[in-house]
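Colleague: got a sequence here, can you build the structure:
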Amino acid sequence: MKKQLKYVGLLILLMGIVFLYGFSSQRNGRIKVKKVAIEFQEGANGFLTHQLVDKMLIQNRKSIKNQAKRVIDLQSLEQNVLKNPFVEKATVFLTVDGRLQTRIKQREPIARISTNSAVYYVDKYGVKVPISKNYSARVPLISGVKTTKEIAQIIRLLQVILNDGFLKKEIIGIRKTNKNEFVFDVRSGNYKIIFGKMENVATKFKKLKAFYNNTFQNKTIKKYSIINLKYHNQVVCTK
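Modeller: Purely as a prediction, here's the structure:
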């Protein structure tokens, strides 16, 4: 008898919990969205504005504001934001007090690609990012690359450059020639740097930085029009 009463008590308690949970869920579901909060994570890119993101958060052609929480399709809203080419990651969720929170990480361009038919950015993953009217990224201008394979190759070269504080500031443009060689435009002068093919990359940059150290000190750097790194253990310059 005591066992039966114990089971009955547990059953009543369980039913009570289920009832309270259901009541609480229904009440929570009726709460209307009072505010849309948009948070941009990491980086300083200005491709997107709060107003642009707000326009993406549309459901059934209506603004999310003042809609009940229970009718909000968070997955659909998140996918809608992720469709934007400037968005790398996005999370959309509702808070208890009726705030729709959106966290966005914008794509970070590492180069601006210029071809005969188009101009666009690429990020470190090789994803194409369109030119924006709102923001212009200060990244190296790349020309002479056409295929996905060539873009992947230039990204590997750029990653070396971007990981070096001096090279990142100095190299402002890269052109790939018909001989599959790379030529750099630099910030410190009108001279060109012939890097050559994608081989002995670390050695070539080491030679370049050593050459810079010497010529910056004696102020002879501006006498040259071409600095050639192609040859083994030497830097060949043209005045």
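
Colleague: can you give me the strands for this structure?
Modeller: Secondary structure of the chain (DSSP state E): strands at 35-41, 58-59, 62-63, 87-94, 99-106, 109-114, 119-123, 128-130, 141-143, 171-176, 182-186, 192-196, 226-228, 236-238.

Colleague: which elements pack onto the last one?
Modeller: I take that to be strand 236-238. strand 226-228 (3 or more C-beta pairs under 8 Å, 6 or more residues apart in numbering; DSSP states H and E). For every residue, glycine as well, the C-beta is placed using N, CA and C.

Colleague: contacting residues for K206?
Modeller: For K206, the contact set (C-beta atoms under 8 Å, 6 or more residues apart in numbering) is empty.

Colleague: how near is it to K222?
Modeller: Distance of K206 to K222, given as C-beta to C-beta, to the nearest Å: 22 Å.

Colleague: out of the strands of the chain, deepest packed?
Modeller: strand 109-114 (a mean of 22; mean count of other C-beta atoms under 10 Å).

Colleague: state the mean pLDDT of that strand.
Modeller: Strand 109-114 shows an average pLDDT of 95 in the prediction.

Colleague: check stretch 194-202 too.
Modeller: Rounded mean pLDDT across stretch 194-202 is 91.

Colleague: swap in stretch 78-96?
Modeller: Stretch 78-96 shows a mean pLDDT of 92.

Colleague: pull the residues that contact it.
Modeller: Identification of contacts with stretch 78-96 by C-beta under 8 Å, 6+ apart yields 28, 33, 41, 45, 47-48, 53, 56-58, 69, 72, 74, 77, 100-108, 123, 128-130, 132.

Colleague: try stretch 40-57
Modeller: Against stretch 40-57 from outside (C-beta under 8 Å, 6+ apart): 36, 38, 63-64, 77, 80-81, 84, 86-87, 89, 92, 100, 102-109, 129, 132, 134-135, 137.

Colleague: redo that, cut-off 6 Å
Modeller: 38, 64, 77, 80-81, 86, 103-106, 108, 132, 134-135 (C-beta atoms under 6 Å, 6 or more residues apart in numbering).

Colleague: relative to Q101, how far out is the residue most central in space within the chain?
Modeller: Closest to where the C-alpha atoms of the chain average out (C-alpha atoms, centre = their mean) is R107, at 2.1 Å. Using C-beta to C-beta, R107 is found at 21 Å from Q101.

Colleague: and for R70?
Modeller: With distances taken as C-beta to C-beta, R70 is found 17 Å from Q101.

Colleague: quick revisit: state the pair within the contacts of stretch 40-57 that is farthest apart.
Modeller: I64 and E108 (27.6 Å; C-beta to C-beta).
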